[in-house]
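Chemist: Predicted model and sequence below, questions to follow.
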Amino acid sequence: MTDQLAPPTEDAGPGRSKFTSEIMAGGAVTENLDDDELAGGMRGALSMLAILGLFAWLGFANFWIFVFVVGVVISIFCHELGHYLTAKWTGMKVTQFFLFFGPRLWSFRRGETEYGVRALPLGAFVRIIGMNRMDEVDPGDEARAYRQKSFPRRLLVISAGSIMHMLIAVTLLFGVYAVAGEDTVRDGVEVKTLVDGGAAQSAGLLAGDIVRSVDGESFTGANEFGQLIRANNPGDAITLTVLRNGIEESIPVTLGSNDTGGALVGVSSSSIFGTIDHSIPTAAGNAVVDIVPFSWESTKGVIKVLNPVNIVKHLTGSSDDLASRPTTLLGVAAISDDVGESSGWAGMLLLLAVLNVFVGVFNMFPLLPLDGGHAAIALYERVREGVRGGKQRYFADVERLMPFAMGVVTVLAMLMFAGLYLDITEPL
């Protein structure tokens, strides 16, 4: 680590590549193009017409996937808009604001910032100068570099993208709750299908039965039902309280065994949902409150998905746990059609709300090159300054974190390709 105000050129290291610089800086490092080098004119117009044509084709081919894709693009744009607005507000210099990555398709400059669209729809970026001491900055602009701003300002700017995702999610949830009501999971499960000759069929259960309790213990949803069943052993006798044609009855069931030796009741079941209508104030309050459990579930999901062991298990076919399966926007887009067809706008907006919460949480994990990695560095620098009495700025030597950052990039790349492979070969 170091206490330098700004990095000298030689500190960057003789073999530092453009890719490495972009990983640490959070965007493209090629700046200050002449106006005639910007992607405008006929080339830019044709590129934008091609993109609009693709969106129009998608809208005719599959309306709900079109809605989902537009929602994702708007969410990505708002993420970067959060970084852009807070950076401008806190006095930082923003040189680029691009939707997508790769070669420029269309761009223009207003003031000191270049705006535009690139070719690869894998995200977006805002380029703020001086993200760390590896980032070379003109001495005249050093005072406007990210690294020179106070800790609260740096933390605000780097967290703004995820904050925007949470605001989008709250807005979408509020809209759904206020107009269509809030779906809640009710006690029990509905039996959908039964295994031929299985424990439940032998005991007399029928498709359409509502299972209310197991041995007198009530539960909510299919997951809790499965947990109660698996808490027993094969051959155990249990009593299911079942609602059939409005009449409640108790049915004894002797559990069977699954392939791993666990208890098996032999049914496919689904949770039971009910809709609660809300007033405008209640809808607003619930939309804010529900972000907390959504965020907690997303945190657990990120940890499971980032585990390389789980990735390998899914690729080898030894795991079918959807909670730990890597997936891509291709996979989510595929199921968005089913969601739209079955639940309409309410289901689609809920899907986009959940996706925004997940992305917002994932993006703040303390891993470079994610925003959370930059936030962790800012926090570390703040702690080191506090140890020194807060009288001198501390600048972390992020070059030492390059191997770790490249490791994260490798895992993310593996995650993306594994998810893409599974989405193509084993659609959700």
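Modeler: Yep, that arrived.
Chemist: so how far is V253 from T239?
Modeler: When distance is defined by CB to CB, to the nearest Å, T239 is 7 Å away from V253. From N, CA and C alone the C-beta is placed, and that goes for glycine too.
Chemist: tell me which strands and helices the longest helix along the chain is in contact with?
Modeler: For the chain, the helix that runs over the most residues, judged by DSSP state H, is helix 329-363. Judged by 3 or more CB pairs under 8 Å, 6 or more residues apart in numbering; DSSP states H and E, the packing partners of helix 329-363 are helix 63-89, helix 151-179, helix 291-306, helix 402-425.
Chemist: just so I know, which of the ones you listed lies nearest S218?
Modeler: Distance to S218, taken as CB to CB, is lowest for helix 291-306 among the helices and strands packed on helix 329-363, at 20.3 Å.
Chemist: Put the alpha carbons of that closest one into PDB.
Modeler: Extracted in PDB, the C-alpha atoms of helix 291-306 (Å, rounded to 0.1, in the frame of the first residue of the first chain):
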ATOM      1  CA  ILE A 291     -36.900  -5.300  -0.700                       C
ATOM      2  CA  VAL A 292     -35.300  -6.700   2.500                       C
ATOM      3  CA  PRO A 293     -36.300 -10.300   2.100                       C
ATOM      4  CA  PHE A 294     -35.800 -10.100  -1.700                       C
ATOM      5  CA  SER A 295     -32.300  -8.800  -1.000                       C
ATOM      6  CA  TRP A 296     -31.600 -11.600   1.500                       C
ATOM      7  CA  GLU A 297     -32.700 -14.300  -0.900                       C
ATOM      8  CA  SER A 298     -30.600 -12.700  -3.600                       C
ATOM      9  CA  THR A 299     -27.600 -12.700  -1.300                       C
ATOM     10  CA  LYS A 300     -27.900 -16.400  -0.600                       C
ATOM     11  CA  GLY A 301     -28.500 -17.000  -4.300                       C
ATOM     12  CA  VAL A 302     -25.300 -15.100  -5.300                       C
ATOM     13  CA  ILE A 303     -23.200 -17.100  -2.900                       C
ATOM     14  CA  LYS A 304     -24.600 -20.400  -4.200                       C
ATOM     15  CA  VAL A 305     -24.100 -19.500  -7.900                       C
ATOM     16  CA  LEU A 306     -20.600 -18.100  -7.400                       C
END
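Chemist: could you give the angle of the helix or strand just after that helix to helix 291-306?
Modeler: Counting by DSSP states H and E, the next helix or strand C-terminal to helix 291-306 is helix 308-316. In terms of direction (axes from the mean of the first three to the mean of the last three CA atoms, to 10 degrees), helix 308-316 departs from helix 291-306 by 70 degrees.
Chemist: The residue nearest the centre of the chain and A124, how far apart?
Modeler: Centroid-nearest residue in the chain, with CA atoms, centre = their mean: V359, separated by 2.3 Å. Separation of V359 from A124 (CB to CB): 12 Å.
Chemist: who touches both of these two?
Modeler: Between them, V359 and A124 share these contacting residues under CB atoms under 8 Å, 6 or more residues apart in numbering: H79.
Chemist: Report the contact partners of G188.
Modeler: Applying CB under 8 Å, 6+ apart, the residues near G188 are I210, V211, R212, S213, S218, F219, T220, F225, L243, I272.
Chemist: No further questions, thank you.
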